[in-house]
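Engineer: pasting a predicted model and its sequence here:
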Amino acid sequence: MDCLARREEFPALAQLFVDSFGGTLQFARTVLEEFAGEGNVFTARQDGVCTALLCAVPVTLRGRKGVYYYGLTTRPDQRGSGVMTALMDAAGEELARRGAAFAVLIPANAPLFAFYAKRGFEKAFSKRVLHRSVRNNLWAQAEFDTVTVKGLQALRQKYVPEAVELDAKGYTAVLTDLYSMGVTSLCTDHGYGLFFKKGSEMRFVELFADSDHAAELLLEAARQKTGAESAVLELGESQTLFLGEGAPRDYGMIRFFGQHFDVQDAYMRLMLDDEE
């Protein structure tokens, strides 16, 4: 099965992406051309028409090359026909030949966990969600909106070396998207975070710190900037911050191309998924 998308098919695939997920054609082209990149976009065809899309974004995990499946969709008239299953199988074979050791993805809804499990994926990368009130500390300080692509890569290497890592193009796409949606970054010498302000509450999509106290100071600095008195924290299940608080939730899945390896304490967030 010839499933590698050709450059001239990108406009049609961008339209398929918009029809399936919304957004703009410009964002869809960024996904295809920058987040995934030419050579990492796969499609199925019927009578010369692209009927399905799968982006295999380059990532690494624990020294191994892999891919992040993103933007999986089929044309409405092809849903339930087995086209996506065949495309995933064909793409997986090609990626394994290239040396990929695994593929990860984030199901868009709960029923899709079962769909992907039937196609060789296993649950991984659970997150822990907790709510905290934030103390009013007038002395809490942090640097805001200074996290760059290189900066985020360095912070990830320091605080979470077991993370699924995008390449520079991938991180650029993610940070550009996050900042365009109004994310605020903050950092100190002892931690960093990324959050959105939702009404009177802050939603942290990533938070790492040397200790609970350092994390609390980050939250307190964020309160001084936003005025929000509470926060929702989305942490990796294996993170040690605020142990005993919050409830675990399923988040990602992994499929191994060949030999399995341990991903129990691995972390995956900020992948341009719909939950950001």
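Structural biologist: Okay, I see it.

Engineer: and the longest strand for this structure?
Structural biologist: Secondary structure of the chain per DSSP state E: the longest strand is strand 49-61.

Engineer: quickly run through the sheet partners of that one, with directions.
Structural biologist: strand 41-46 (antiparallel), strand 64-74 (antiparallel), strand 165-166 (antiparallel) (DSSP bridges).

Engineer: dump the C-alpha coordinates for the first one into PDB.
Structural biologist: What follows is strand 41-46, C-alpha atoms only, in PDB (Å, rounded to 0.1, in the frame of the first residue of the first chain):
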ATOM      1  CA  VAL A  41       2.300  12.400   6.400                       C
ATOM      2  CA  PHE A  42       0.400   9.300   5.300                       C
ATOM      3  CA  THR A  43      -2.900   9.000   3.400                       C
ATOM      4  CA  ALA A  44      -5.200   6.400   1.900                       C
ATOM      5  CA  ARG A  45      -6.600   7.000  -1.600                       C
ATOM      6  CA  GLN A  46      -9.700   5.900  -3.500                       C
END
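
Engineer: in that strand, which residues are buried?
Structural biologist: Val41, Phe42, Thr43, Ala44 (16 or more other C-beta atoms under 10 Å). Where you see a C-beta, it was placed from the backbone N, CA and C, and this is true even at glycine.

Engineer: same thing with the second one?
Structural biologist: Buried residues in strand 64-74, defined by neighbour count with 16+ other C-beta under 10 Å: Gly66, Val67, Tyr68, Tyr69, Tyr70, Gly71, Leu72, Thr73, Thr74.

Engineer: any chance of those residues in JSON lines, plus distance to Ala36 and pLDDT?
Structural biologist: As requested, the buried residues of strand 64-74 are exported to JSON lines (distance: C-beta to C-beta, whole Å; pLDDT from 0 to 100):
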{"residue": "Gly66", "distance to Ala36": "14", "pLDDT": "98"}
{"residue": "Val67", "distance to Ala36": "9", "pLDDT": "98"}
{"residue": "Tyr68", "distance to Ala36": "9", "pLDDT": "98"}
{"residue": "Tyr69", "distance to Ala36": "10", "pLDDT": "98"}
{"residue": "Tyr70", "distance to Ala36": "7", "pLDDT": "98"}
{"residue": "Gly71", "distance to Ala36": "8", "pLDDT": "96"}
{"residue": "Leu72", "distance to Ala36": "12", "pLDDT": "97"}
{"residue": "Thr73", "distance to Ala36": "14", "pLDDT": "96"}
{"residue": "Thr74", "distance to Ala36": "17", "pLDDT": "96"}
